[in-house]
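In: Structure for this input, please:
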Amino acid sequence: MLMSDGLLRVFWPYDLPRSSSPGVIVGWRNSELDLFVLTVLEDVEPRNVDNALRAGILFRNSPHPTVRIFTLCGRSQMHVLGSTNSREAPTSFNPSHLDVTTISSSKVPRIFCPPEANLSVQVVMYHRPHPTRMEYMSLDPISLALGDKATKTEIWGPSSDKIESEEESDKALPKLLVEKLKLHTVVKHIPSQKEQALPLIINQINCAYEMGQLMHKNSHLIGIRAKRSMSVGERVVESATTIWGFIVLCIAHVFWQWLWPVVTRVFVFGLVCHRSVAEVFLQVLEWRARPDAAALKDISATAQQFDIRLQQFCYWPIQYVKLRQRKDNWESVTTSHPDYIRFYNSLWLVANDVIIGIALGSYIIDNANWVASQINTVLTGWTVEGLQRTISWLMDWPAGLKLNNELAAFLGDLFLWVIENWAACIANLQPYLPAVIYVVGCSSFAGASMPIALFSDLLSILTVHIYSFYIASARIFNWQLTIITSLFHLFRGKKRNVLRNRIDSCDYDLDQLLLGTILFTVLFFLLPTVVVFYLTFASARMLIISMKAALDTCLAFLNHFPLFALMLRVKDSRRLPGGIRFELRNEPCKNATEKDSSALVSYIHLESIPLSLRAMFDQYFQLGHRLRKHYLAPRVIFCLMTGRFVPPIHRRSLYSMQYSMLPARRAGMADVWALLTQPKKGSSGSSGSGSMGGGIGSLSNPVPKVPANYGQGDLRRRGHR
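Out: Model (predicted):
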């Protein structure tokens, strides 16, 4: 129980009836002065409502055990909190039974609390979330990504785990500093009991609508003697009075008890067979020759796309079973809402991917020859002829820069010879290019992401000669720069101590100094020629990396774009909670009496903050941070300036965003079979027994319930006198 602090706090829903009819306020009593209103039952007496709450009459015919709601809200029973629009004017204040006045022209209630009570009233107005629409409030923003990424090393390798550990350490550093600052504060704030009770109050808000509707549905039973339930014979006579009704029941019994289980088992068996085939392909895509070696999906964008789609196919049945389990519990339980958003977001993305892919594939197939000719023109003009013209220009004093003719001719002839042999290989493959384009167009029917991934791999294959030129020129430039640096230390009488990683003094002979001077002069004058070739191929390599990054960005949008979440954000932002907000508002007073007591009453509006766009696209911001940290870091710039190899960013860093909605470890075949075929436990409503959802194979229903007035026309149920 919360301690009293001279403040009466009342949580009141906005959507309660504001009529002038008398009613009874029902809700939770968190403490003597901390009340939570669920609903108002009109035209009933408080004593009868209290008896109905104790006897459980208001919770009859509940779809699920009410114990779950009581446990979630942290209370053992409900109470009568007061009355609305009493026929007699109140004379004294009683916190255990409030007197509230509601009028249709005002959205807020007027609570009777005279100044003699020495209490200030705080009315917190809130909107009851509609659980059927999957609306709810939450203190923490909803997570659109799965939080079970604990086995990254086993899946992606040690390099990936190093990247993730660095990011985790960067995120943990500010939190550690904040904790250290808290140790140096003069006054340490200790959370009050009301602050600690806020999570329970949020649960009570989420359950308010469903419990209010249940009590409203049973409000007609208050003060009325319950009728005797019909016997088995009466039910049979009432539900099967005609031959047609009996035939319908027999057909339904045969279908649900005999045919439906067979159909579901066959469907589950076929699904598990497809799952086993997908598992074989996934093992091939994830196979590594050594623990530190790269897998096929780490090298090829097409293999990566296959891996994503196969993992989605393996995870969809598990997600579907989880969502079906939601029907076996109260809709106010919000633990499955993120799974619902992730499941339908992935379905929407795949559907849009296939739709765009069909349109793109139809265009490519119908114009395969034209597309092949355009690709051939671009490929020949840029990677062969354009590169030949650039190298020839570098061999002949480019932009007036005087280079070493012999070295430029040697390097240029070497690169031109490689390009000529590469052009001959490409020319032999040109007749097959329309067929390759046709295959790419056919792959578009699996989604637009497949041809994009194929084009990304083709770009890597068809520009492998540029990559080789970059590696060769970078190695030559790095060797030459390293030798020049060592000779520069020789002039100063220094040498590098490799063991201690420092520069030490050293005495050199005259012949060593003379030879070093000659070599330094030769290498220094040859350096501009090497630099020009290195900068040319490094620029071409960076251009290719930029093109591949653009294709990878398109894949990221097709595989991970929060389309369903954006739709929910526009349609109903209460389904994407990002926290709560309290806002103090001034309510106008109607008369002098209210004006005198208005200083003691404050109205606070509790609202749900929708998930921000920054949080929805947080994965994209993380991807941009990783790219900026990798390619714009001082270490990378230093490597480019010194000719050292710049390793491409790990594909885990590029594709982790697309795997954020997938589990880190796939479920095994035995687990999938057990999950899809587990029997469904029966639900007994308000009898107190819980129910857990079964798999796809447990969808077999018993004989369906026939309405009580089936085949009876206007016949009404007879009560027992």
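In: Wait, L119 touches L8, no?
Out: Yes: in this structure, L119 is within contact of L8 by Cβ atoms under 8 Å, at 5.0 Å. In this view, the C-beta of every residue, glycine as well, is placed from N, C-alpha and C.
In: got any residues that touch both of the two?
Out: Common contacts of L119 and L8, defined by Cβ atoms under 8 Å, 6 or more residues apart in numbering, comprise L33, P95, C113.
In: Pretty sure the second one sits in a strand.
Out: No: P95 sits outside any strand when classified using DSSP: H, G, I helix; E, B strand; the rest coil, being coil.
In: ok so, going back, L119 and L8: which is more packed in?
Out: L8 (22 against 17; other Cβ atoms under 10 Å).
In: same for the helix or strand hosting the more buried one, what does it pack against?
Out: With elements taken from DSSP states H and E, the one containing L8 is strand 7-13. Helices and strands touching strand 7-13, by 3 or more Cβ pairs under 8 Å, 6 or more residues apart in numbering; DSSP states H and E, are strand 34-42, strand 120-126, helix 198-217.
In: residues making contact with it?
Out: 27, 33-39, 95, 98, 108-109, 111, 113, 119-128, 194, 201, 204-205, 208, 212, 606.
In: which parts of that strand are buried?
Out: Within strand 7-13, the residues that qualify as buried by neighbour count (16 or more other Cβ atoms under 10 Å) are L8, R9, V10, F11, W12, P13.
In: Figure out how far the helix or strand encompassing T529 is from the centre of its chain.
Out: Secondary structure from DSSP H and E places T529 in helix 510-560. Distance, stretch centre to chain centre, for helix 510-560: 40 Å (Cα atoms, centre = their mean, to the nearest Å).
In: switch to numbering from 48
Out: Understood, numbering begins at 48; the last thing we discussed is helix 557-607.
In: hang on, isn't K241 packed against V171?
Out: No: contact criterion Cβ under 8 Å: K241 and V171 do not qualify, at 11.4 Å.
In: From the contacts of strand 54-60, keep the buried residues only.
Out: By 16+ other Cβ under 10 Å, those give 74, 80-86, 142, 145, 155-156, 158, 160, 166, 168-175, 241, 248, 251-252, 255, 259, 653 as buried.
In: ok, back up a step: just want the angle from the strand holding L55 to helix 245-264.
Out: 50 degrees (axes from the mean of the first three to the mean of the last three Cα atoms, to 10 degrees).
In: could you list every residue that touches the residue nearest the centre of the chain?
Out: Taking Cα atoms, centre = their mean as the criterion, L191 is the residue nearest the geometric centre of the chain, at 1.9 Å. Counting by Cβ under 8 Å, 6+ apart, L191 makes contact with P385, I388, R389, N392, P609, A612, M663, S707, M708.
In: Can you tell me the SS state at it?
Out: Counting by three-state DSSP, the backbone at L191 sits in coil.
In: Need the pLDDT of it.
Out: With respect to pLDDT, L191 has a value of 84.
In: Ok, Q527 next?
Out: Reported pLDDT for Q527: 93.
In: ok, back up a step: will you turn the buried residues of strand 54-60 into TSV that also has distance to I402?
Out: What follows is the buried residues of strand 54-60, written out as TSV (distance: Cβ to Cβ, whole Å):
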residue	distance to I402
L55	57
R56	52
V57	52
F58	46
W59	47
P60	42
